[in-house]
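Peer 1: sequence below, structure please.
(chains A and B)
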Amino acid sequence: MKKILFIILSVCALFTACKIDEPDKDLKRVVFDPGDLKFISTSLNPKKKTSSALYGNAEALASLSGENNQLKNGSVMKLVTWKYHDNPQYTGGTITGELLSIETIQADHNGDVSYQIKSTSENKDINASKEERIQYIMSYRPVKRP
Amino acid sequence: MDSVKKKSNVKPIAIVFLAVLGIFAVLQFTNQPLEGQPVSKKIEAPREVLAILENSCFNCHSNQQNLSWYDKIAPISWAVNKDVKRAREVLNFSEWNYSPAEHQGKMYAILNMMQSGKMPLHEYTLLHPSAKITEKDIETVKKYTFSLSSLSPVKQEKDLLHNVQANHSPDPAKFPVSPNGIRYTDEFKNWKVISMSTLFDKSIRVIYGNDIAVKAIETENFHPWPDGSIVVKSVWKQENYADGEVRAGEFINAQFMVKDSKKYTDTEGWGFAKFSGNDLHPTGKTASFAKESCIACHRQLAEKTGYLFDVPMKVNTERLIKNLEK
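Peer 2: Numbers count the residues shown, from 1 in each chain, chains lettered A, B, ... in the order given. Predicted coordinates for the structure are as follows:
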């Protein structure tokens, strides 16, 4: 009798244990809020499977539009990098997924340039020096369109 | 006495039966056979791919129907004829007047329809089990479709205007209008970017949403999308840089999706528009152009996200985002 009871209870326990939590319960769809900055340019790194959007204020746009890419005083730029994936709804396409990092460059009114990076992962992908990153971000050109 | 009763019972049944038979016979006179259309240019593909398409798709998506006898009997024939007409409007293997790039695009659409199990239609394979697609068929189509990718050349040249962002004075009254009434607007350049994507055609895309659309995404409230939502996809050619990085090159087009459930009833409440090239010339000859093109894929493949392909993925955790905001 005890054995039977044990089996019945075990089976019951098995069923209660099988309650599946919603897999995406804690996950969110994120739209980056650039504040007053506007989208300037974009890039894709197929090796790292990352995609970036560069945002900036009017001074930043003017800086990147110029011939010699001099960072104008008062410029603010943010390079926002995402991991991308194959589009789950369309084979042959990719779409951005996890937000990885936000890099900010600011040039104050004395021409002093600051660089800051915030990353979602502890082990940062970006090992380059501050100067290299500023130079890299300054290599962007505004996207062309009518 | 019993037999008399039976007789009087049989009669009405017989009358009903004869009446049904009569109606059925009359229906056949109303039956208009599908108009035969000539094969102007048949799709070209490897034999094994063509065999799959002929077996599973051609009956509706071509001018070469090989219908069963029961497909030609009213009222079944009504449904069949309607389906065939609609199918031909969307994709017709007998009128394959496409450039290699368009051919590639169509093959990707076909592959995605097969992979998702949306095509051939379930109602069709019920009556025509031999048209069912196997995993092996999908692999064959996939292999061929992927092989097409290498054919599309990547434009490498850079023009001198690269450094200059077009800076025209926007006069909204002069902006082009799509045949369905959607007018191009520059306003999206001030909206938030909701996602970025690429496609097999070596394009790079940035997708903007207006405030209504962004709020719908953030609150997971897009089943259906609220009226007034607008999503704009800006598309460029990919331009390769040193160390393998890719950036946005020549502008290709701007694609609009405008939600108005009362206005765009034929296309799941979405109005579609596409403005291409530097003159932003609108796509479509008639107001219903999206019914024959855009919505077919959006309806079948993007239903989960309210018929939009580029809704950002639900993959970020609150904890990680908080780390960034610190």
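Peer 1: which is the next helix or strand following the longest strand belonging to chain A?
Peer 2: Counting by DSSP state E, the longest strand found in chain A is strand A:93-107. Where DSSP states H and E defines the elements, the next helix or strand beyond strand A:93-107 is strand A:113-119.
Peer 1: is chain B contacted by that following strand?
Peer 2: Yes - Strand A:113-119 lies within reach of chain B by Cβ under 8 Å from any Cβ of the partner chain, at A:118, A:119. Bear in mind the C-beta positions are built from the backbone N, C-alpha and C, glycine included.
Peer 1: that strand packs against which elements?
Peer 2: Where contact means 3 or more Cβ pairs under 8 Å, 6 or more residues apart in numbering or on different chains; DSSP states H and E, strand A:113-119 is packed against strand A:93-107, helix A:130-138, helix B:318-325.
Peer 1: how far does the longest one sit from its chain's centre?
Peer 2: Translated: strand A:93-107. Remark: strand A:93-107 is offset 3 Å from the chain centroid, using Cα atoms, centre = their mean, to the nearest Å.
Peer 1: now do the helices in the stretch 201-326 of chain B.
Peer 2: Taking DSSP state H, counting those that start in this stretch, the helices of the stretch 201-326 of chain B run over residues B:211-218, B:289-292, B:294-301, B:318-325.
Peer 1: tell me the helices and strands packed up against the second one.
Peer 2: Using 3+ Cβ pairs under 8 Å, 6+ apart as the contact criterion, the elements in contact with helix B:289-292 are helix B:76-90, strand B:270-276.
Peer 1: quick one: average pLDDT of the longest strand of chain A?
Peer 2: In this model, strand A:93-107 carries a mean pLDDT of 94.
Peer 1: what about the helices and strands packed on strand A:113-119, which gets the closest to residue B:37?
Peer 2: Nearest of the helices and strands packed on strand A:113-119 to residue B:37, taken as Cβ to Cβ: strand A:93-107 at 33.0 Å.
Peer 1: and the closest one, does that touch chain B?
Peer 2: Yes - applying Cβ under 8 Å from any Cβ, one finds strand A:93-107 in contact with chain B at A:93, A:94, A:95, A:96, A:97, A:98, A:99, A:102.
Peer 1: before we move on, back to that, highest average neighbour count across the helices and strands packed on strand A:113-119?
Peer 2: Comparing the helices and strands packed on strand A:113-119 by mean neighbour count (mean count of other Cβ atoms under 10 Å in any protein chain shown), strand A:93-107 ranks first with a mean of 21.
Peer 1: can you give me the neighbour number for the spatially closest residue to residue B:268 that is not a sequence neighbour?
Peer 2: Excluding the flanking residues, the one nearest residue B:268 by Cβ to Cβ, 6 or more residues apart in numbering or on different chains is residue B:307, at 5.1 Å. By the criterion of other Cβ atoms under 10 Å in any protein chain shown, residue B:307 has 24 neighbours.
Peer 1: I'd assumed residue B:271 was in contact with residue B:307.
Peer 2: No - judged on Cβ atoms under 8 Å, residue B:307 makes no contact with residue B:271 at a distance of 11.7 Å.
Peer 1: helices and strands of chain A: which one has the lowest mean pLDDT?
Peer 2: Ranked by mean pLDDT, DSSP states H and E, the weakest helix or strand in chain A is helix A:2-17, scoring a mean of 66.
Peer 1: domain ranges for chain B, per the record?
Peer 2: B:1-30, B:47-149, B:161-318 (automatic domain parsing).
Peer 1: mind putting the ones you listed into CSV with mean pLDDT?
Peer 2: Shown next, in CSV, are those (pLDDT from 0 to 100):
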stretch, mean pLDDT
domain B:1-30, 72
domain B:47-149, 90
domain B:161-318, 90
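Peer 1: which of those domains is buried the deepest?
Peer 2: By mean count of other Cβ under 10 Å, the domains of chain B have domain B:161-318 as the most buried, with a mean of 18.
Peer 1: gap between it and the chain center?
Peer 2: Relative to its chain's centre, domain B:161-318 lies at 15 Å (Cα atoms, centre = their mean).
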